[in-house]
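J.: quick one, structure for this:
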Amino acid sequence: MRPFRLFQPGANPWLNGLRLALLNIALAAFSACSFMGVLFFVARLNRLALANDSTSPELPFPYPVLMLMYSILFLAAWFLFAHRLTNGRRERAIATLVGAGPLFGMSLLGYAGVIGALVFDEFNPGVIPAGSFFVFGGIATLILLAGMACVGLILLVKGRSEAMPP
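T.: Coordinates of the predicted model:
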């Protein structure tokens, strides 16, 4: 069995939603692993340059390049997935909401973590750096925007007609 066959939509909208959820989980795992890999690589290069008394400035972390790469990858994957779905409005809505559920759940969990950290900081001031709230809130917002983009793109892209074979 080919692994990419798991991401191909079928006739059942609930299974299509689970396939979209699996696709979103795979995309999130790829982005997390590649982000950590690039972070490790940049930190390693900067550490080597510092150890060799290099007068060159530190290598900056490529946030814009990574965000652009992730945006293109996510949009392309969602577009291809949406293009393979049937045009039934109800079926698309079910598949989209089930499939984007993990993104909305991760965003909600991120916001709950920020609120929990704020409460913890009230009882133990100075333990958590103030920038952490903004970083974690920003990540949760990016995940929320990704979920909204997933829903919007899949609902707007025209899929295959009912008469065409899958």
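
J.: ok, the residue nearest the centre of the chain - contacts?
T.: The residue lying closest to the centre of the chain (C-alpha atoms, centre = their mean) is Ala28, at 4.4 Å. Neighbouring residues of Ala28 by C-beta atoms under 8 Å, 6 or more residues apart in numbering: Pro102, Leu103, Met106. Where C-beta positions appear, they are placed from N, C-alpha and C, glycine not excepted.

J.: most neighbours, which of those?
T.: For the contacts of Ala28, the largest neighbour count, defined by other C-beta atoms under 10 Å, is 24 neighbours, found at Leu103.

J.: wait, doesn't that one sit right on Cys150?
T.: Yes: at 6.3 Å, Leu103 and Cys150 qualify as touching, with contact defined as C-beta atoms under 8 Å.

J.: overlap in contacts of those two?
T.: With C-beta under 8 Å, 6+ apart as the test, Leu103 and Cys150 both reach Asn24.

J.: on that earlier part again, so which of the contacts of Ala28 sit within strands?
T.: Using DSSP state E, no member of the contacts of Ala28 falls within strands.

J.: with distance to Met67 and pLDDT added, can I get those in CSV?
T.: Formatted as CSV, the contacts of Ala28 follow (distance: C-beta to C-beta, whole Å; pLDDT from 0 to 100):
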residue, distance to Met67, pLDDT
Pro102, 20, 89
Leu103, 16, 91
Met106, 17, 90
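
J.: just the closest of those to Arg89, please.
T.: Leu103 (21.4 Å; C-beta to C-beta).

J.: assumed the residue nearest to the centre of the chain was part of a helix.
T.: Yes: counting by DSSP: H, G, I helix; E, B strand; the rest coil, Ala28 is located in a helix.

J.: for the residue lying farthest from the centre of the chain, helix, strand, or coil?
T.: Most distant from the centre of the chain: Asp53, at 38.3 Å, with distances by C-alpha atoms, centre = their mean. Recorded secondary structure, Asp53: coil (three-state DSSP).

J.: isn't Val114 right up against Phe133?
T.: Yes: at 5.7 Å, Val114 and Phe133 qualify as touching, with contact defined as C-beta under 8 Å.

J.: who are the packing partners of the helix or strand hosting Leu109?
T.: In this assignment (DSSP states H and E), Leu109 forms part of helix 89-123. If you count contacts as 3 or more C-beta pairs under 8 Å, 6 or more residues apart in numbering; DSSP states H and E, helix 89-123 packs onto helix 13-51, helix 130-156.
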